[in-house]
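# Starting from these lines, generate the structure:
(one chain, ligands or ions: 1)
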Amino acid sequence: MKSLLIDLVNNTKNLKELELTKSKIFGKNGILTAEFKKLKTIEPKEKKDFAANINDIKQSITLFLEEKKRALEVEENDILMQKDAVDVTMFKSDKNRGAMHPVNETMKEIIDYFLNLNFSIEDGPLVEDDFHNFEALNLPKHHPARDMQDTFYFKDEKLLRTHTSPVQIRTMKDKKPPIRMISPGSVFRRDFDLTHTPMFHQVEGLVVDDEDKVSFSNLKSLLEEFLKHMFGSVDVRFRPSFFPFTEPSAEVDISCIFCKGKGCRVCSKTGWLEVLGCGLIDPNVFKAVGYEGVSGYAFGLGVERFTMLLREIPDLRSLYEGDLRLLEQFR
Ligand code: PHE
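This next block holds a predicted model:
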């Protein structure tokens, strides 16, 4: 009897079958159940031995069933794992390999440069309020310079930030000087043509320290080194300009990297390419954040503009069309 039941368990192939086997043995019409039923009709003097025997069989078969169950579980798990396994050594062609977006790549290079110089990275919200985006930056309401930036407005004086400069204000309100920070991120303007998209990226830089430690010549040498790092051996010139939040202000040009300053289509025959805005922080900005006895300088640049020049991309809009034929070139 015992060996018959052991064979029955042994021949079970999977967990589902095991349930069947169990009921074949212990179920209402099961083999062992039938044996227990025999107890009623058996001679009293044989009863004791007979009962001891089937109880013994019951115990060992129960143990054996549990053992079998564990073995089958391991087996079925192995089969599942094999079915789901990924062959990491399998050959995969290069054809559809992804790449970092060129704008991200330029961004990373700029950020790495300033991280090496111990600048911190600061962040701010994309939906800004009028105070941080304009007012605190010396752009009061109705100031004509607001027209320099075509803005997307929400209700309640909220807007999509038009530049990364509001992060200057937030950082100065949060921290005490000295400050050396950059703030990379996306900005928004109502603009759409060959060289403008409604969303683009800027990197803002801000340095604030004691009055005797910050000068325009510090700013000049920092930006000159930075631009040579990004564009190779170029000439750099500072042109007087205007930003409400800096005084004096300058725009920075590099000698055209395509014609080496001789004059071509990209530089509109001028030999120069404009790449940055910068200046010393206007005292009104320090007043708005409650700073006294400090000096500072700031600069701002467009990451797409850098990317177009570095990668010779003629139409800025193509960067955001997701066309694989363009993106594939940057693998
Ligand atoms: N925020 C300016 C812009 O978007 C750039 C800038 C930043 C100029 C910092 C000067 C100093 O045009």
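
# Return the residues of the stretch 51-200 of the chain in contact with the ligand.
The stretch 51-200 of the chain has residues 163, 165 near the ligand, with proximity defined as C-beta under 6 Å from any ligand atom. Placement of C-beta: from N, CA and C, glycine included.

# Any regions of the stretch 51-200 of the chain where pLDDT drops low?
Residue ranges of the stretch 51-200 of the chain with pLDDT under 70: 148.

# what about 90?
The model of the stretch 51-200 of the chain has pLDDT under 90 over residues 83-100, 141-151, 155-157, 191-197.

# now the strands: where do they sit in it?
120-121, 127-129, 158-160, 179-188, 199-210 (DSSP state E, counting those that start in this stretch).

# Using a markdown table, lay out those strands together with mean neighbour count.
Formatted as a markdown table, the strands of the stretch 51-200 of the chain follow (neighbours: other C-beta atoms under 10 Å):
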| stretch | mean neighbour count |
| --- | --- |
| strand 120-121 | 14 |
| strand 127-129 | 18 |
| strand 158-160 | 18 |
| strand 179-188 | 20 |
| strand 199-210 | 21 |
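
# among those strands, which is nearest P283?
Among the strands of the stretch 51-200 of the chain, the nearest to P283 by C-beta to C-beta is strand 199-210 (12.4 Å).

# by contact count, what packs against the closest one?
helix 102-116, helix 166-174, strand 179-188, helix 216-231, strand 294-302, helix 303-311 (3 or more C-beta pairs under 8 Å, 6 or more residues apart in numbering; DSSP states H and E).

# buried residues in whichever helix or strand comes after the fourth one?
Using DSSP states H and E, the helix or strand that directly follows helix 216-231 along the chain is strand 236-243. Of the residues in strand 236-243, those buried by neighbour count under the rule 16 or more other C-beta atoms under 10 Å are 236, 238, 243.

# wait, doesn't the first one sit right on A250?
Looking back up the chat, that one is V236. No. V236 is not in contact with A250 according to C-beta atoms under 8 Å; the separation is 11.0 Å.

# about what we covered before: tell me, which of the buried residues of strand 236-243 make contact with the ligand?
Among the buried residues of strand 236-243, the residues that sit close to the ligand (C-beta under 6 Å from any ligand atom) are F243.

# CSV please, covering the helices and strands packed on strand 199-210 and showing distance to E76.
Shown next, in CSV, are the helices and strands packed on strand 199-210 (distance: least, C-beta to C-beta, whole Å):
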stretch, distance to E76
helix 102-116, 45
helix 166-174, 57
strand 179-188, 51
helix 216-231, 59
strand 294-302, 59
helix 303-311, 54
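
# for those, which one sits closest to I79?
Closest among these, once you apply C-beta to C-beta, is helix 102-116, at 43.0 Å.

# So which residues lie in contact with the closest one, not counting its own?
For helix 102-116, contacts defined as C-beta atoms under 8 Å, 6 or more residues apart in numbering pick out 100, 121, 182, 184, 201, 203, 205, 226, 229-230, 301, 303-304, 306-307, 310-311, 313, 319, 330.

# Make a ChimeraX selection of the buried ones in the residues you listed.
Buried residues within the contacts of helix 102-116, by 16+ other C-beta under 10 Å, are selected in ChimeraX with:
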select :182,184,201,203,205,226,230,301,303,304,306,307,310,313,319
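
# Contacts only, for G277.
241, 243, 249-252, 299-301.

# you'd agree it is in a helix?
No. Applying DSSP: H, G, I helix; E, B strand; the rest coil, one finds G277 to be strand, outside a helix.

# got a list of what L227 touches?
Taking C-beta under 8 Å, 6+ apart, we find L227 in contact with 234, 236, 252, 254, 275-276.

# one more time with 10 Å
Neighbour list for L227: 234-236, 252-254, 275-276, 301, 306 [criterion: C-beta atoms under 10 Å, 6 or more residues apart in numbering].
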